[in-house]
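K.L.:
Please work out how this folds:
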Amino acid sequence: MSRAPEPGTAPKAAIVSANTAIERLLVVDGHRPGAVHRLVEDRTLAGGKPVNVARVLHQLGGVQPVLVGFAGGDTGALFRRLLAAEGLTGRWADTAGATRICETLVDLADPAGATVYNAAGPAITPAELAALDTLVEELTSTSAALVCTGSLPPGVPVTGYRDRLASARARGLVTVLDTHGPALAAGAAAAPTVVKVNRDELAAVGGDPESVVAGWRATGTECVIVTDGARPTEAYTPDGRWRVAAAPVDVVSAVGSGDAYLAGLLDSLLTRPDAGWPVHLRRAAACGAANATNIAPGLPPGLPLDELAARVAVTPH
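P.N.:
Model prediction:
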(Lines give C-alpha, C1' and ligand atoms only; values in the text may rest on other atoms or scores of the structure.)
Protein backbone atom coordinates (compact mmCIF):
# COMPACT_ATOMS: atom_id res chain seq x y z
CA MET A 1 0.00 0.00 0.00
CA SER A 2 2.88 2.37 0.71
CA ARG A 3 6.49 2.93 -0.18
CA ALA A 4 8.73 0.73 1.97
CA PRO A 5 11.23 2.63 4.13
CA GLU A 6 14.90 1.82 4.25
CA PRO A 7 15.63 -1.22 6.47
CA GLY A 8 15.82 -0.24 10.12
CA THR A 9 14.15 3.15 9.60
CA ALA A 10 10.64 4.30 10.41
CA PRO A 11 8.37 5.22 7.50
CA LYS A 12 8.04 8.97 7.05
CA ALA A 13 4.69 10.80 6.91
CA ALA A 14 4.59 14.29 5.39
CA ILE A 15 1.86 16.36 7.06
CA VAL A 16 0.76 19.59 5.39
CA SER A 17 0.34 22.43 7.90
CA ALA A 18 -1.14 25.02 5.57
CA ASN A 19 -2.72 27.10 8.33
CA THR A 20 -0.13 26.86 11.08
CA ALA A 21 -1.18 28.13 14.51
CA ILE A 22 -0.10 28.97 18.01
CA GLU A 23 -2.71 27.52 20.35
CA ARG A 24 -3.57 29.12 23.67
CA LEU A 25 -5.24 26.47 25.84
CA LEU A 26 -7.32 27.97 28.65
CA VAL A 27 -8.87 25.74 31.32
CA VAL A 28 -11.65 26.86 33.70
CA ASP A 29 -13.89 25.04 36.13
CA GLY A 30 -17.35 26.33 35.32
CA HIS A 31 -17.49 28.80 32.41
CA ARG A 32 -19.80 31.77 32.99
CA PRO A 33 -20.12 34.17 30.05
CA GLY A 34 -19.54 37.75 31.10
CA ALA A 35 -17.75 36.80 34.33
CA VAL A 36 -14.11 37.09 35.36
CA HIS A 37 -12.44 33.68 35.57
CA ARG A 38 -9.28 32.49 37.27
CA LEU A 39 -7.71 29.89 35.04
CA VAL A 40 -7.18 26.41 36.43
CA GLU A 41 -4.45 25.96 33.84
CA ASP A 42 -3.15 27.63 30.70
CA ARG A 43 -0.67 26.49 28.09
CA THR A 44 0.85 27.84 24.89
CA LEU A 45 1.36 25.12 22.28
CA ALA A 46 2.21 24.65 18.66
CA GLY A 47 -1.31 23.96 17.44
CA GLY A 48 -3.64 23.05 14.64
CA LYS A 49 -4.85 19.71 13.37
CA PRO A 50 -1.61 18.85 11.51
CA VAL A 51 0.45 19.37 14.67
CA ASN A 52 -2.00 17.26 16.70
CA VAL A 53 -1.55 14.41 14.21
CA ALA A 54 2.23 14.77 14.20
CA ARG A 55 2.35 14.89 18.00
CA VAL A 56 0.53 11.56 18.38
CA LEU A 57 2.53 9.87 15.61
CA HIS A 58 5.71 11.02 17.38
CA GLN A 59 4.43 9.62 20.69
CA LEU A 60 3.54 6.28 19.11
CA GLY A 61 7.04 6.02 17.68
CA GLY A 62 6.43 3.82 14.66
CA VAL A 63 6.19 6.59 12.04
CA GLN A 64 8.39 9.67 11.58
CA PRO A 65 6.13 12.71 11.13
CA VAL A 66 7.48 15.73 9.27
CA LEU A 67 5.33 18.85 9.07
CA VAL A 68 5.49 21.06 6.01
CA GLY A 69 3.74 24.40 5.80
CA PHE A 70 3.79 28.14 6.31
CA ALA A 71 5.29 30.11 9.20
CA GLY A 72 5.78 33.85 9.52
CA GLY A 73 6.53 36.71 11.86
CA ASP A 74 7.30 36.57 15.58
CA THR A 75 4.51 34.05 16.12
CA GLY A 76 6.00 31.86 13.40
CA ALA A 77 9.34 31.89 15.19
CA LEU A 78 7.60 30.95 18.45
CA PHE A 79 5.74 28.18 16.66
CA ARG A 80 9.02 26.66 15.49
CA ARG A 81 10.52 26.83 18.99
CA LEU A 82 7.44 25.18 20.51
CA LEU A 83 7.62 22.38 17.94
CA ALA A 84 11.30 21.80 18.62
CA ALA A 85 10.63 21.60 22.35
CA GLU A 86 8.35 18.62 21.65
CA GLY A 87 10.86 16.94 19.36
CA LEU A 88 8.75 17.63 16.27
CA THR A 89 10.30 18.60 12.95
CA GLY A 90 9.11 20.58 9.97
CA ARG A 91 10.02 22.40 6.79
CA TRP A 92 8.60 25.87 6.40
CA ALA A 93 7.85 28.40 3.69
CA ASP A 94 8.29 31.87 5.20
CA THR A 95 5.32 34.23 4.96
CA ALA A 96 5.10 38.00 5.24
CA GLY A 97 2.00 37.63 7.38
CA ALA A 98 2.33 36.41 10.96
CA THR A 99 1.31 32.89 11.98
CA ARG A 100 -2.15 33.00 13.55
CA ILE A 101 -3.03 32.56 17.23
CA CYS A 102 -6.06 30.43 18.13
CA GLU A 103 -7.67 29.88 21.51
CA THR A 104 -9.37 26.87 23.05
CA LEU A 105 -11.42 27.16 26.21
CA VAL A 106 -11.90 23.89 28.10
CA ASP A 107 -14.49 23.85 30.86
CA LEU A 108 -13.84 21.05 33.34
CA ALA A 109 -17.55 21.06 34.11
CA ASP A 110 -18.28 20.19 30.46
CA PRO A 111 -15.19 18.41 29.10
CA ALA A 112 -16.82 17.36 25.83
CA GLY A 113 -17.91 20.90 24.99
CA ALA A 114 -14.76 22.93 24.44
CA THR A 115 -15.11 26.41 22.93
CA VAL A 116 -12.68 27.05 20.07
CA TYR A 117 -11.74 30.40 18.53
CA ASN A 118 -9.90 29.91 15.22
CA ALA A 119 -8.30 32.86 13.44
CA ALA A 120 -8.37 32.89 9.63
CA GLY A 121 -4.60 33.00 9.21
CA PRO A 122 -2.37 35.30 7.11
CA ALA A 123 -3.05 35.87 3.43
CA ILE A 124 -0.71 33.72 1.35
CA THR A 125 0.92 35.20 -1.75
CA PRO A 126 1.47 33.25 -5.00
CA ALA A 127 5.23 33.21 -4.38
CA GLU A 128 4.73 31.81 -0.86
CA LEU A 129 2.39 29.14 -2.21
CA ALA A 130 4.93 28.17 -4.87
CA ALA A 131 7.59 27.83 -2.17
CA LEU A 132 5.34 25.47 -0.22
CA ASP A 133 4.66 23.41 -3.35
CA THR A 134 8.40 22.92 -3.80
CA LEU A 135 8.83 21.78 -0.18
CA VAL A 136 5.92 19.33 -0.42
CA GLU A 137 7.30 17.82 -3.61
CA GLU A 138 10.75 17.40 -2.06
CA LEU A 139 9.39 15.86 1.13
CA THR A 140 6.96 13.44 -0.49
CA SER A 141 9.77 12.05 -2.63
CA THR A 142 11.11 10.34 0.51
CA SER A 143 7.82 9.72 2.36
CA ALA A 144 5.42 6.80 2.65
CA ALA A 145 2.36 8.97 3.30
CA LEU A 146 0.95 12.45 2.78
CA VAL A 147 -1.60 13.87 5.21
CA CYS A 148 -3.64 16.96 4.30
CA THR A 149 -5.62 18.11 7.31
CA GLY A 150 -7.05 21.31 8.69
CA SER A 151 -8.19 24.55 7.08
CA LEU A 152 -6.64 26.48 4.21
CA PRO A 153 -5.56 30.11 4.82
CA PRO A 154 -6.62 33.02 2.61
CA GLY A 155 -4.85 33.00 -0.73
CA VAL A 156 -4.65 29.21 -1.03
CA PRO A 157 -7.22 27.92 -3.54
CA VAL A 158 -9.72 25.28 -2.47
CA THR A 159 -7.92 22.89 -4.84
CA GLY A 160 -4.70 23.22 -2.82
CA TYR A 161 -5.07 19.84 -1.15
CA ARG A 162 -6.44 18.13 -4.26
CA ASP A 163 -3.37 18.77 -6.39
CA ARG A 164 -0.92 17.64 -3.70
CA LEU A 165 -2.94 14.50 -2.94
CA ALA A 166 -3.20 13.55 -6.61
CA SER A 167 0.56 13.89 -7.11
CA ALA A 168 1.35 11.84 -4.00
CA ARG A 169 -1.18 9.14 -4.84
CA ALA A 170 0.35 8.79 -8.30
CA ARG A 171 3.70 8.13 -6.61
CA GLY A 172 2.22 5.29 -4.55
CA LEU A 173 1.97 7.10 -1.20
CA VAL A 174 -0.80 6.51 1.32
CA THR A 175 -2.80 9.73 1.20
CA VAL A 176 -5.15 11.07 3.87
CA LEU A 177 -7.61 13.97 3.74
CA ASP A 178 -9.31 15.51 6.79
CA THR A 179 -10.78 18.94 6.15
CA HIS A 180 -14.15 20.59 5.57
CA GLY A 181 -16.19 22.69 3.16
CA PRO A 182 -15.06 23.32 -0.42
CA ALA A 183 -11.54 22.01 0.33
CA LEU A 184 -13.09 18.67 1.34
CA ALA A 185 -15.15 18.37 -1.82
CA ALA A 186 -12.18 19.35 -4.00
CA GLY A 187 -9.66 17.18 -2.15
CA ALA A 188 -11.85 14.10 -2.25
CA ALA A 189 -11.82 14.35 -6.05
CA ALA A 190 -8.15 13.27 -5.92
CA ALA A 191 -9.25 9.87 -4.51
CA PRO A 192 -7.08 9.91 -1.39
CA THR A 193 -6.54 6.55 0.28
CA VAL A 194 -8.48 7.70 3.34
CA VAL A 195 -11.04 10.46 3.75
CA LYS A 196 -11.91 11.26 7.36
CA VAL A 197 -14.85 13.55 8.13
CA ASN A 198 -17.32 14.12 10.93
CA ARG A 199 -21.04 13.77 10.34
CA ASP A 200 -21.65 17.53 10.09
CA GLU A 201 -18.82 17.99 7.58
CA LEU A 202 -20.21 15.17 5.45
CA ALA A 203 -23.72 16.65 5.52
CA ALA A 204 -22.33 20.04 4.45
CA VAL A 205 -20.97 18.52 1.22
CA GLY A 206 -24.58 18.35 0.03
CA GLY A 207 -26.75 15.52 -1.22
CA ASP A 208 -27.41 12.19 0.45
CA PRO A 209 -24.45 11.34 2.72
CA GLU A 210 -24.49 7.66 1.75
CA SER A 211 -24.36 8.62 -1.92
CA VAL A 212 -21.48 11.02 -1.28
CA VAL A 213 -19.47 8.28 0.45
CA ALA A 214 -20.31 5.80 -2.33
CA GLY A 215 -19.18 8.33 -4.93
CA TRP A 216 -15.84 8.88 -3.22
CA ARG A 217 -15.21 5.16 -2.98
CA ALA A 218 -16.24 4.61 -6.59
CA THR A 219 -13.51 6.99 -7.74
CA GLY A 220 -10.77 5.14 -5.83
CA THR A 221 -10.84 6.13 -2.15
CA GLU A 222 -10.25 2.96 -0.14
CA CYS A 223 -11.62 4.05 3.22
CA VAL A 224 -14.06 6.71 4.41
CA ILE A 225 -14.23 7.35 8.17
CA VAL A 226 -17.28 9.22 9.48
CA THR A 227 -16.94 10.25 13.12
CA ASP A 228 -19.83 11.44 15.26
CA GLY A 229 -18.46 12.79 18.54
CA ALA A 230 -18.68 10.25 21.34
CA ARG A 231 -21.03 8.08 19.28
CA PRO A 232 -19.77 5.12 17.21
CA THR A 233 -17.78 5.82 14.05
CA GLU A 234 -18.86 4.50 10.67
CA ALA A 235 -15.99 3.11 8.58
CA TYR A 236 -16.37 2.16 4.92
CA THR A 237 -13.35 -0.01 4.01
CA PRO A 238 -12.21 -2.61 1.47
CA ASP A 239 -12.94 -5.22 4.17
CA GLY A 240 -16.55 -4.05 4.54
CA ARG A 241 -18.52 -1.46 6.45
CA TRP A 242 -17.89 -1.30 10.18
CA ARG A 243 -19.31 0.39 13.23
CA VAL A 244 -16.53 1.30 15.65
CA ALA A 245 -17.31 1.98 19.31
CA ALA A 246 -14.42 2.93 21.60
CA ALA A 247 -14.28 1.82 25.20
CA PRO A 248 -15.68 4.42 27.65
CA VAL A 249 -13.02 6.60 29.29
CA ASP A 250 -13.07 9.46 31.79
CA VAL A 251 -13.12 12.43 29.41
CA VAL A 252 -11.00 15.41 30.45
CA SER A 253 -11.06 17.18 27.07
CA ALA A 254 -12.19 15.97 23.66
CA VAL A 255 -10.04 18.55 21.82
CA GLY A 256 -7.77 16.80 19.32
CA SER A 257 -9.36 13.37 19.68
CA GLY A 258 -10.25 13.23 15.99
CA ASP A 259 -6.64 14.06 15.11
CA ALA A 260 -5.37 11.36 17.49
CA TYR A 261 -7.78 8.94 15.82
CA LEU A 262 -6.30 9.79 12.42
CA ALA A 263 -2.75 9.40 13.75
CA GLY A 264 -3.53 5.98 15.21
CA LEU A 265 -5.07 4.87 11.93
CA LEU A 266 -2.08 6.04 9.87
CA ASP A 267 0.38 4.49 12.32
CA SER A 268 -1.35 1.13 11.93
CA LEU A 269 -1.61 1.40 8.13
CA LEU A 270 2.10 2.12 7.76
CA THR A 271 3.54 -0.19 10.42
CA ARG A 272 1.11 -3.11 10.00
CA PRO A 273 -0.18 -2.79 6.43
CA ASP A 274 -1.42 -6.39 6.26
CA ALA A 275 -3.18 -6.44 9.64
CA GLY A 276 -6.65 -5.77 8.20
CA TRP A 277 -9.00 -2.85 8.65
CA PRO A 278 -10.59 -4.00 11.94
CA VAL A 279 -7.11 -3.91 13.51
CA HIS A 280 -6.39 -0.48 12.03
CA LEU A 281 -9.72 0.84 13.31
CA ARG A 282 -9.14 -0.47 16.83
CA ARG A 283 -5.78 1.29 16.96
CA ALA A 284 -7.39 4.51 15.72
CA ALA A 285 -10.24 4.42 18.21
CA ALA A 286 -7.88 3.64 21.09
CA CYS A 287 -5.76 6.70 20.28
CA GLY A 288 -8.84 8.92 20.02
CA ALA A 289 -10.12 7.73 23.39
CA ALA A 290 -6.69 8.08 25.02
CA ASN A 291 -6.41 11.68 23.82
CA ALA A 292 -9.73 12.50 25.50
CA THR A 293 -8.26 11.61 28.90
CA ASN A 294 -5.65 14.38 28.53
CA ILE A 295 -6.16 18.09 29.11
CA ALA A 296 -4.03 19.02 26.07
CA PRO A 297 -4.00 17.32 22.66
CA GLY A 298 -1.83 14.20 22.70
CA LEU A 299 -1.54 10.87 24.45
CA PRO A 300 -1.13 10.83 28.24
CA PRO A 301 1.87 8.88 29.53
CA GLY A 302 1.35 5.39 30.84
CA LEU A 303 -2.05 4.72 29.29
CA PRO A 304 -2.08 1.13 27.92
CA LEU A 305 -3.13 1.61 24.29
CA ASP A 306 -3.22 -2.13 23.57
CA GLU A 307 -5.71 -2.63 26.38
CA LEU A 308 -7.85 0.22 25.09
CA ALA A 309 -7.68 -1.21 21.57
CA ALA A 310 -8.77 -4.65 22.81
CA ARG A 311 -11.89 -3.04 24.28
CA VAL A 312 -12.91 -1.32 21.02
CA ALA A 313 -16.00 -2.92 19.46
CA VAL A 314 -15.67 -3.25 15.67
CA THR A 315 -18.81 -4.82 14.25
CA PRO A 316 -20.03 -5.31 10.65
CA HIS A 317 -22.69 -2.79 9.69
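K.L.:
how about the strands in the chain?
P.N.:
Secondary structure of the chain by DSSP state E: the strands cover 12-17, 21-28, 41-47, 64-71, 89-94, 100-107, 115-117, 145-149, 174-178, 194-198, 223-228, 231-237, 240-245, 313-316.
K.L.:
Tell me, how many residues neighbour G61?
P.N.:
For G61, the neighbour count with other CB atoms under 10 Å is 10. C-beta: built from backbone N, CA, C; applies to glycine.
K.L.:
what about it, distance to N19?
P.N.:
Here the criterion is CB to CB, to the nearest Å. By it, G61 lies 27 Å from N19.
K.L.:
Also L303?
P.N.:
From L303 over to N19 the distance is 30 Å, taken as CB to CB.
K.L.:
One more: A190?
P.N.:
Look at A190 and N19: by CB to CB, they are 19 Å apart.
K.L.:
In terms of pLDDT, where does P111 sit?
P.N.:
On pLDDT, P111 comes in at 80.
K.L.:
just the one 10 residues further on next, same as before
P.N.:
According to the per-residue confidence, G121 scores 95 in pLDDT.
K.L.:
show me the residues around it that make contact.
P.N.:
By CB atoms under 8 Å, 6 or more residues apart in numbering, the contact set of G121 is N19, T20, A21, G97, T99, R100, S151, P153, P154.
K.L.:
how about a markdown table for those residues, with neighbour count and distance to V66 added?
P.N.:
Formatted as a markdown table, these follow (neighbours: other CB atoms under 10 Å; distance: CB to CB, whole Å):
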| residue | neighbour count | distance to V66 |
| --- | --- | --- |
| N19 | 25 | 17 |
| T20 | 29 | 14 |
| A21 | 26 | 18 |
| G97 | 19 | 23 |
| T99 | 29 | 18 |
| R100 | 24 | 21 |
| S151 | 17 | 20 |
| P153 | 25 | 20 |
| P154 | 11 | 25 |
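K.L.:
Now render the residues you listed as a markdown table, adding distance to L281 and pLDDT.
P.N.:
Compiled in a markdown table, the contacts of G121 are given as follows (distance: CB to CB, whole Å; pLDDT from 0 to 100):
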| residue | distance to L281 | pLDDT |
| --- | --- | --- |
| N19 | 28 | 96 |
| T20 | 30 | 96 |
| A21 | 29 | 97 |
| G97 | 39 | 97 |
| T99 | 34 | 98 |
| R100 | 33 | 98 |
| S151 | 26 | 95 |
| P153 | 32 | 96 |
| P154 | 36 | 96 |
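K.L.:
farthest pair in those?
P.N.:
Farthest apart among those by CB to CB are G97 and S151. That separation is 15.0 Å.
K.L.:
Can you tell me the centre-most residue of this structure?
P.N.:
When CA atoms, centre = their mean is applied to the chain, the residue found nearest the centroid is D259 (3.8 Å).
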